[in-house]
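Chemist: Please find the sequence and the predicted model below.
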Amino acid sequence: MMGKDYYKILGIQKGSSDEEIKKAYRKQALRFHPDKNKAPGAEDKFKEIAEAYDVLSDSKKKELYDRYGEEGLKGHSGGGGGNGPSYTFHGDPHAMFAEFFGGRSPFDQFFAHGGGCGGGDDDMDVDDPFAAFGMGGMGGMGGMGGMGGMGGFPRSFKSRVGGAHGCREKKKDPPVIHELKVSLEEVYSGCTKKMKISRKRLNTDGCSVRTEDKILTVDIKRGWKEGTKITFPREGDETPTNIPADIVFVVKDKTHPVFRRDGSDIIYTARISLRDALCGCTISAPTLDGRSITVTTRDVIKPGMKKRIVGEGLPLSKCPEKRGDMVLEFVVKFPEKLTQNTCEALMQILPP
């Protein structure tokens, strides 16, 4: 057999029963879980154990693996294993652990190694962490659903479960940030954006999850500035071990073909000839609402000179009935070359 030896990883022999495979996974996963095992490489070993269990606990994957090994299973070699869809472990070893035990971690809920709630049980048999409470063979947290008030259990057990609220508190995931791109026209007039998100939600059993879609609606207010944040509380993924993250949309300006934005002002690049720059000119500038503005200047226009047209910019975010300005930024187009006659004429006309 080429590649990884999943049986060796779990510490069992080929031909082991489903129950033996489950027991081996429970033992190895508890031994190498990063909450308990801080040794270098424990995290990688924990993931490798999850991959081994993922394959050996699935009859079809196990059959392919038994016949063709890891390379055949993953479709990298010839033989029957290479003809079907290739296998890749995409699972989350921590999620698999949580599903197996029916909760995030038995260490968090009962033993709290290294401080926190309750004392440490480092001498506990990792083969069955529930044996000390007369619960051997229950398969983990999932078997505790019908315990009621737990009146028949030892005081030490009740204190660890009932009194260790701090160990079981769910932590809220960090915000999930998305860019929300808007055009200057949308900022000018305001609009409504609808975003479809896919998220995980807990089922009524409190353990399994489902995937559902939801439409989030954002009303873009007139004049909103780039960087404005819109928060939808707790719309992220929900699992048995977390408080869903907030979904945050951050307004981002789309690149505009005509204007640049500067706060509530818009900048329009007006390209004029050297003759117009020296002799004066009339230009037609577009606006965000589709009109055109005629601007006449008789002054000499130097490169980089600007002219402000009051009230033709974007609405002010805090006072939308008022608007910023349009700034004309002049760019003078110089001729590539001049004829001798033109040069002589200019020498006579222009001051030294």
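Modeler: Structure received. Residues are numbered from 1 along each chain as shown.

Chemist: from here on, contacts and neighbour counts on C-alpha atoms
Modeler: OK.

Chemist: Tell me who's in contact with I272.
Modeler: I272 makes contact with F330, V331, V332, K333, according to Cα atoms under 8 Å, 6 or more residues apart in numbering.

Chemist: Report the distance from stretch 256-271 to the chain centre.
Modeler: Stretch 256-271 sits 32 Å away from the centroid of its parent chain (Cα atoms, centre = their mean, to the nearest Å).

Chemist: For it, list every residue counted as buried.
Modeler: Buried residues in stretch 256-271, defined by neighbour count with 16 or more other Cα atoms under 10 Å: F259, R260, R261, G263, S264, D265, I266, I267, Y268, T269.

Chemist: Among those, which ones are in strands?
Modeler: The strands in this structure, assigned by DSSP state E, contain F259, R260, R261, D265, I266, I267, Y268, T269 from these.

Chemist: What is the most widely separated pair among these?
Modeler: Greatest spatial distance in those: D265 and T269, 13.2 Å, computed using Cα to Cα.

Chemist: anything in contact with each of those two?
Modeler: Common contact partners of D265 and T269 (Cα under 8 Å, 6+ apart): none.

Chemist: which among the contacts of I272 gets closest to E321?
Modeler: F330 (28.6 Å).

Chemist: That closest one against R308, yeah?
Modeler: No. The pair F330 / R308 is not scored as a contact, 11.2 Å apart, by Cα atoms under 8 Å.

Chemist: what about burial for the contacts of I272, which qualify?
Modeler: Buried among these by 16+ other Cα under 10 Å: F330, V331, V332.

Chemist: Make TSV out of the residues you listed and add pLDDT and distance to Y87.
Modeler: Output for the buried ones among the contacts of I272, formatted as TSV (pLDDT from 0 to 100; distance: Cα to Cα, whole Å):
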residue	pLDDT	distance to Y87
F330	93	61
V331	93	60
V332	92	63
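
Chemist: Columns secondary structure and distance to T241 on top of those, output as a markdown table?
Modeler: Shown next, in a markdown table, are the buried ones among the contacts of I272 (DSSP: H, G, I helix; E, B strand; the rest coil; distance: Cα to Cα, whole Å):
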| residue | secondary structure | distance to T241 |
| --- | --- | --- |
| F330 | strand | 59 |
| V331 | strand | 60 |
| V332 | strand | 63 |
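
Chemist: TSV please, covering the residues you listed and showing distance to I49.
Modeler: Shown next, in TSV, are the buried ones among the contacts of I272 (distance: Cα to Cα, whole Å):
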residue	distance to I49
F330	67
V331	66
V332	69
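
Chemist: Could you give the bridge partners of K181?
Modeler: In this entry, K181 is beta-bridged to K252, by DSSP bridges.

Chemist: now H90: how far from S208?
Modeler: Distance, H90 to S208, using Cα to Cα, to the nearest Å: 18 Å.

Chemist: Comparing these two, which residue is more hemmed in?
Modeler: Neighbour tally, H90 and S208, criterion other Cα atoms under 10 Å: the higher count belongs to S208, 14 against 7.

Chemist: Which residue, neighbours along the chain excluded, lies closest to the more buried one?
Modeler: Nearest residue to S208 in three dimensions, chain neighbours excluded: L202, at 6.0 Å (Cα to Cα, 6 or more residues apart in numbering).

Chemist: Is there a neighbour count for that neighbour? I'd like the number.
Modeler: L202 sits with 15 neighbouring residues when counted by other Cα under 10 Å.

Chemist: Could I get the contacting residues of it?
Modeler: By Cα under 8 Å, 6+ apart, the neighbours of L202 are S208, V209, R210, E238, T239, P240.

Chemist: Which one of these is nearest to A285?
Modeler: Comparing these against A285 with Cα to Cα picks out E238 as the nearest, at 51.8 Å.

Chemist: What separation do you get for the closest one and E99?
Modeler: Per Cα to Cα, E238 is found 14 Å from E99.

Chemist: follow-up on the earlier one: which two from the contacts of I272 end up farthest apart in space?
Modeler: Greatest spacing in these, by Cα to Cα: F330 and K333 (9.6 Å).

Chemist: what residues are shared contacts of the two?
Modeler: In contact with both F330 and K333: R271, I272, using Cα under 8 Å, 6+ apart.

Chemist: Tell me where the model's unsure across the stretch 101-250 of the chain.
Modeler: 102-168 (pLDDT under 70).

Chemist: What segments of it are strands?
Modeler: 171-172, 176-182, 191-202, 209-220, 229-232, 242-243, 247-253 (DSSP state E, counting those that start in this stretch).

Chemist: Pipe those into JSON lines and attach distance to S59 per row.
Modeler: Below are the strands of the stretch 101-250 of the chain laid out as JSON lines (distance: least, Cα to Cα, whole Å):
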{"stretch": "strand 171-172", "distance to S59": "36"}
{"stretch": "strand 176-182", "distance to S59": "37"}
{"stretch": "strand 191-202", "distance to S59": "27"}
{"stretch": "strand 209-220", "distance to S59": "24"}
{"stretch": "strand 229-232", "distance to S59": "42"}
{"stretch": "strand 242-243", "distance to S59": "32"}
{"stretch": "strand 247-253", "distance to S59": "39"}
